[in-house]
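> Sequence and predicted model, in that order:
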Amino acid sequence: AIQMTQSPSSLSASVGDRVTITCRASQGIRNYLGWYQQKPGKAPKLLIYAASRLQSGVPSRFSGSGSGTDFTLTISSLQPEDFATYYCLQDDNFPRTFGQGTKVEIK
Amino acid sequence: EVQLVQSGAEVKKPGESLRISCKDLGDDFTTYWIGWVRQMPGKGLEWMGIIFPDDSDTRYNPSFEGQITISADKSISTAYLQLSSLKASDTAMYYCAKQKDGSGLFDYWGQGTLVTVSS
């Protein structure tokens, strides 16, 4: 199975900060990657698909980039509602695999 | 519109079996893949498997194969996750989710079913 490694595992940031989370695949996955946001007690929410496409209804401060093995989720200006855990998911190969998550906390 | 509603929380004893349901209140159930994701307490997300309800084509994560069965009844727009020979380590939240058109990602999710296994 493809291993997805996210970094950092957690970060502290302030409202208005630019935040970057990375995800590295153990082998090339073209652009078959998505990003999710999960808040405590809630189901995950799809933010980005195909590595860089914004899911309908998701604020434009979220963006994704990358191809092959290295991917990035960027939040251009962190808002109070963005404090959550973020996961990447590769959908190039079976089984699909998630990264281990990045918890974004308030500084 | 897709709306996935899962069955309620369960408390089971080790060795018992359990079937969780996921009903689509919309009307396109046979046109997309439905999958299951596990989240153990305080841990990350794990992709378990998916099914295409129209023909029951199923793909499993090898990490779960032999321990779970994914099925669907298209006549009632419901997918199922069966867990057998439950262990304490099966205690988790289980989510069903619909796969996005043209993608292997999940775009609509159920509310989750909490399964607790305890003697």
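Yep, that arrived. All values derive from a computational prediction rather than experimental measurement. Numbering: from 1, shown residues only, chains lettered A, B, ... in the order given.

> alpha carbons only for contacts and neighbour counts from here, please
OK.

> Contact residues of chain A facing chain B?
The interface of chain A toward chain B, taken as CA under 8 Å from any CA of the partner chain, is made up of A:34, A:42-46, A:49-50, A:89-92, A:94-101.

> Count the neighbours of residue 64 for me.
Picking chain A for this. 23 (other CA atoms under 10 Å in any protein chain shown).

> right idea, wrong chain: chain B
Residues contacting residue B:64 under the criterion other CA under 10 Å number 14.

> so where does the residue positioned nearest the centre of chain A fall, helix or strand?
Nearest to the geometric centre of chain A sits residue A:35, at 3.7 Å (CA atoms, centre = their mean). Following DSSP states H and E, one finds residue A:35 within strand A:33-38.

> Could you spell out the sheet neighbours of that strand, each with its direction?
If you go by DSSP bridges, strand A:33-38 pairs up with strand A:45-49 (antiparallel), strand A:85-90 (antiparallel).

> The first one: what's the following helix or strand?
Translated: strand A:45-49. According to DSSP H and E, the helix or strand after strand A:45-49 is strand A:53-54.

> Report the secondary structure element holding residue B:51.
Using DSSP H and E, residue B:51 sits in strand B:45-52.

> got a pLDDT number for residue A:106?
Residue A:106 carries a pLDDT score of 88 in this model.

> how deep is it tucked in, by neighbour count?
Neighbour number of residue A:106 under other CA under 10 Å is 14.

> thought it was touching residue A:12?
Yes: between residue A:106 and residue A:12 a contact is recorded at 5.4 Å, counting by CA atoms under 8 Å.
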